[in-house]
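Novice: Provided below for reference: sequence and predicted model.
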Amino acid sequence: MFGAHFLQNKYMSAHPVPVSSPSASRLKKPSWHDPRLLVGILLVCASVAGVVALVNTADQTVDVYAIKKDLPVGSEVHENDLAIVGVRLGEAEAAYITVEEGLPDSAMALSMLRGDELLTKSAIGSADELDRQPVGLLVRQPLSTEAVVGSYVDVWVSLQEEGQRFEKPQLLLEGVEIASREDSESALGGTNATTVQVLVAEEKMSALLDAISNEANIAVIPNPGGAE
């Protein structure tokens, strides 16, 4: 018996039984059929596609119109009054007129158009959409330098009485917009009088024209508060 046991040990020493490692059994080469690998590839592709789309959106520009110089309310707007610029507007694009859409026929400024600003759809329209009409006023008193085109003013009138006298001034128009201003100089170089055009609503037109026809004394005072 001792001899048989000795021979068995000698045989096992010469032919050892391989021992499997736990970690070796767990580490397997990934297979294309492994769903985890496929999910990972899909996630990477989706991430790359999202980054590319974001970059493309950020770099996307649209050609729109920019106003070259100030245009008062009621002015006709032509393409030579505008410049073409490429800008990134994003969701705000719908508010502006693109070059692809083109400038509408017989476009007219419905509000003051400032130079170097982008042209919005709400700023222009047809003559029928104007709810104010320009009226010229001759102002003999010195007019403030703050009373510029696009600013708002109050118009005071003093009606003429007999004997070249004038009544107490009354506020006739409050917060009307100046459409144009023209200063005339006297022979001595000073400002003699100023002619301004103000935009007047229809319901105020009769009273203003009546004051002008009766040679009322007119004063124009800046009103920083804005439109009436």
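Specialist: Structure's in. What do you need?

Novice: Tally up the residues packed near residue 88, please.
Specialist: Neighbour count for residue 88, taken as other CB atoms under 10 Å: 12. Backbone N, C-alpha and C define where each C-beta goes, glycine included.

Novice: That one - nearest residue in space that isn't next to it in sequence?
Specialist: Spatial nearest neighbour of residue 88, excluding adjacent residues (CB to CB, 6 or more residues apart in numbering): residue 61 at 5.4 Å.

Novice: quick one: low-confidence ranges for the chain?
Specialist: 1-40, 48-59, 186-191, 227-228 (pLDDT under 70).

Novice: Going along the chain, name the helices of it.
Specialist: Using DSSP state H, the helices of the chain run over 2-14, 22-26, 35-59, 202-213.

Novice: Identify the bridge partners of residue 183.
Specialist: residue 194 (DSSP bridges).

Novice: How much space separates it from residue 128?
Specialist: 33 Å (CB to CB, to the nearest Å).

Novice: Settle it for me: which of those two has more neighbours?
Specialist: residue 183 (14 against 7).

Novice: Which strand residues bridge residue 76?
Specialist: residue 108.

Novice: from memory it sits against residue 105, does it?
Specialist: No - judged on CB atoms under 8 Å, residue 76 makes no contact with residue 105 at a distance of 10.8 Å.

Novice: who's more crowded, these two?
Specialist: Neighbour count, other CB under 10 Å: between residue 76 and residue 105, residue 76 has more, with 12 against 6.

Novice: so who does that one touch?
Specialist: Residue 76 makes contact with 106-109 under the criterion CB atoms under 8 Å, 6 or more residues apart in numbering.

Novice: which other residues reach stretch 214-227?
Specialist: So stretch 214-227 is contacted by 137-141, 143-144, 146-147, 151-160, 166, 169, 174-177, 194, 196, 198, 211-212 (CB under 8 Å, 6+ apart).

Novice: Tell me which residues touch the nearest residue to residue 127 once chain neighbours are set aside, please.
Specialist: Once flanking residues are discounted, residue 127 sits nearest to residue 108: 5.5 Å by CB to CB, 6+ apart. Going by CB under 8 Å, 6+ apart, residue 108 touches 74-77, 124-127, 129-130.

Novice: okay, now the domains of the chain?
Specialist: 62-128, 131-222 (automatic domain parsing).

Novice: These: which one's closest to residue 42?
Specialist: Nearest to residue 42, of all these, is domain 62-128, at 29.3 Å by CB to CB.

Novice: measure that closest one end to end?
Specialist: Using CA to CA, to the nearest Å, the end-to-end distance of domain 62-128 comes to 30 Å.

Novice: for stretch 114-123, same thing?
Specialist: 11 Å.

Novice: And that stretch, how far out from the chain middle?
Specialist: Distance of stretch 114-123 from the chain centroid (CA atoms, centre = their mean, to the nearest Å) equals 8 Å.

Novice: List the buried residues of that stretch.
Specialist: 118-119, 123 (16 or more other CB atoms under 10 Å).

Novice: Let me know how buried residue 82 is, in neighbour terms.
Specialist: 21.

Novice: That one - nearest residue in space that isn't next to it in sequence?
Specialist: Sequence neighbours aside, residue 65 is the residue nearest to residue 82 in space, at 4.2 Å (criterion: CB to CB, 6+ apart).
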